[in-house]
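S.K.: Fold the following for me, if possible:
(one chain, ligands or ions: 2)
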Amino acid sequence: MLTETEARDHVLSRITPGGSEDISLSTCLGRHAAAHVLASISLPGFDNSQVDGYALRAQDGTKGARLKVNAEQPAGADLHLAVPPGEAVRIFTGAPIPQGADAVIMQEDVSTSDGAVVINEAVVPGENIRRTGRDLCRGQKLLRPGQRITPGIIGVLASQGLSTVYVYCLPRVAVLSTGDELVAPGQPLQPGQLYNSNGPMLIGLLASLGLTDTAIHHCPDSLEATTHIIDNLAQSFDAIIVSGGVSVGDHDHIKPALKALGMPPELWRVKVKPGKPFLFVHRTEPRPLYVFGLPGNPVSAFVTYQLFVRGALLKLMGAAEHALPSVEAELAETMENDGDRPHYFRGLLGGGRFKPLGVQASHALFGLSQSNAMLRLEPFSSIKAGTRVTVYPF
Ligand code: AMP
Ligand code: MG
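M.R.: Ligands and ions are numbered 1, 2, ... in the order given. Predicted coordinates for the structure are as follows:
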């Protein structure tokens, strides 16, 4: 059986990001840059006023001085004004600094009378002037390949006059739920059946990565049907996330189906709890395809998604950063793993503390639904309440 690290490294080493495309700034949030972007415009682009007030020569701004005001520079067109010695120019926030001025006094710090201002607060050279290039300089790197595009980055790209950005394409991902017992939510439930919760949960996990062009497919527990559906999905999707049917029961058909399609699993079974039967296979011809097989139990499906699928999909999406995020927290109660595999417990992270929550079993979906983080415990180990631990928020 592989360790988690071996399994994760194997999967990641097989993943290559797909193509790239130029898209509008209005649709690029959460996507990953496919090229460097360098600044073509410095910010600020010109020396300008930080306040509404009066532009002047700082040496004229002694307390009690009276300066004549004979011109006005609003934000917008540069009127190419100049400030002669002993005078001031009325100026507004964002307006270009007139020639000769080296400070702006706030309007709150002057008194006005008869076309002049009286200085009430001594002026310091440079005050209230936003200098050209102080924030960023032409040629500076704004975006690097693999960087995730945030609202702030969209803002800085727009400040350069850009209306599009070059990003990695989004993969098309299919979710395939297997099992004769499953019924789609919204349909009537017969005795012995249960609702398909993994399908919608996986769609939600994909959406949280920005993958929304997704759909839930279902297949019954027959080798023929399973083979047929996977073959069909393989024609139009880049990745398939299967849940259920990956163990060794008589009704688990994923491995034989993949084998029949010329894709015997290259990785199956990982030393982790929950989630032992995780499998992975990929092919490069006729087009790249990645298949992730998650156990059917909902918590196992969720945990293996976090450990092995999330990072792989992010890499496929072009992300440079795809490790599981982690934070330090204090353990709220003593916890024990009496099993021989590392165990990921689900719980609540808040106020710097992690507290396990609900039934810690692979089918127990409610506890997971109230949790926001996982804690990993080594086999046959315990951690005392109050210990600093690393937890993985999700
Ligand atoms: P399997 O891995 O197919 O043996 O399934 C393990 C357990 O998970 C069984 O109790 C299944 O009924 C349950 N299960 C499988 N798929 C789903 C699903 N999509 N939603 C909820 N439970 C599931
Ligand atoms: Mg099943």
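
S.K.: Closest residue of the stretch 1-150 of the chain to ligand 2?
M.R.: Met1 (20.9 Å; CB to the ion). To be clear about C-beta, it is placed using only N, CA and C from the backbone, and glycine gets the same treatment.

S.K.: Thought Lys271 was touching that residue, still the case?
M.R.: Yes. Contact status for Met1 versus Lys271: in contact at 4.7 Å, counting by CB atoms under 8 Å.

S.K.: Among those two, which residue is more densely surrounded?
M.R.: Lys271 (16 against 11; other CB atoms under 10 Å).

S.K.: residues contacting that one?
M.R.: Counting by CB atoms under 8 Å, 6 or more residues apart in numbering, Lys271 makes contact with 1-4, 341-342.

S.K.: and if you look at Glu266?
M.R.: The contact partners of Glu266, by CB under 8 Å, 6+ apart, come to 10, 14, 280-282.

S.K.: So which residues on the stretch 251-394 of the chain come close to ligand 2?
M.R.: Neighbours of ligand 2 within the stretch 251-394 of the chain, by CB under 5 Å from the ion: Gly296.

S.K.: for the nearest residue to Gly244 once chain neighbours are set aside, what are its contacts?
M.R.: If you skip the residues right next to it in sequence, Gly244 has Gly296 as its closest partner in space, 3.0 Å away by CB to CB, 6 or more residues apart in numbering. By CB under 8 Å, 6+ apart, the contact set of Gly296 is 178-179, 198, 243-246.

S.K.: can you check His80 too?
M.R.: Shown in contact with His80 (CB under 8 Å, 6+ apart): 98-99.

S.K.: and it, what pLDDT?
M.R.: Model confidence at His80, given as pLDDT, is 98.

S.K.: and if you look at the one 10 residues further on?
M.R.: Model confidence at Arg90, given as pLDDT, is 98.

S.K.: does it count as helix, strand or coil?
M.R.: strand (DSSP: H, G, I helix; E, B strand; the rest coil).

S.K.: Who does it form a beta bridge with?
M.R.: For Arg90, the beta-bridge assignment (DSSP bridges) gives partners Tyr54, Glu72.

S.K.: now, which of the contacts of Gly296 lie within helices?
M.R.: Asn198 (DSSP state H).

S.K.: Shouldn't the residue nearest to Gly244 be within a strand?
M.R.: No. Gly296 is assigned coil when assessed by three-state DSSP, not a strand.

S.K.: Phi and psi next, for it.
M.R.: Here is the backbone geometry of Gly296 (degrees, to the nearest 10): phi -80, psi -30.

S.K.: ok, it to Val303 distance?
M.R.: Note on Gly296: its distance to Val303, by CB to CB, to the nearest Å, is 13 Å.

S.K.: repeat for Gly19
M.R.: 31 Å.

S.K.: Check Gly262 too.
M.R.: Distance from Gly262 to Val303, counting by CB to CB: 29 Å.

S.K.: Just want to know which of the two has more residues nearby.
M.R.: Val303 (27 against 9).

S.K.: Hmm, Leu375 and the more buried one touching each other?
M.R.: No. With contact defined as CB under 8 Å, Val303 does not reach Leu375; the gap is 11.6 Å.

S.K.: what sits in contact with each of those two?
M.R.: Contacts common to Val303 and Leu375, judged by CB under 8 Å, 6+ apart, are Tyr344.

S.K.: what does the domain assignment say about this protein?
M.R.: Annotated domains of the chain cover 4-19+170-316, 31-41+136-168, 48-130, 327-393 [automatic domain parsing].

S.K.: can you tell which of those domains is closest to Leu25?
M.R.: domain 31-41+136-168 (5.4 Å; CB to CB).

S.K.: Next, the distance between the ends of that closest one.
M.R.: End-to-end distance for domain 31-41+136-168, by CA to CA, to the nearest Å: 7 Å.

S.K.: and if you look at stretch 32-45?
M.R.: Note: stretch 32-45 ends 27 Å apart using CA to CA.

S.K.: what helix or strand does Leu157 sit in?
M.R.: Element membership of Leu157, judged by DSSP states H and E, is helix 151-159.

S.K.: quick one: average pLDDT of that helix?
M.R.: 98.

S.K.: What are the buried residues along that helix?
M.R.: 153-154, 156-157, 159 (16 or more other CB atoms under 10 Å).

S.K.: That's all I had, so thanks and see you.
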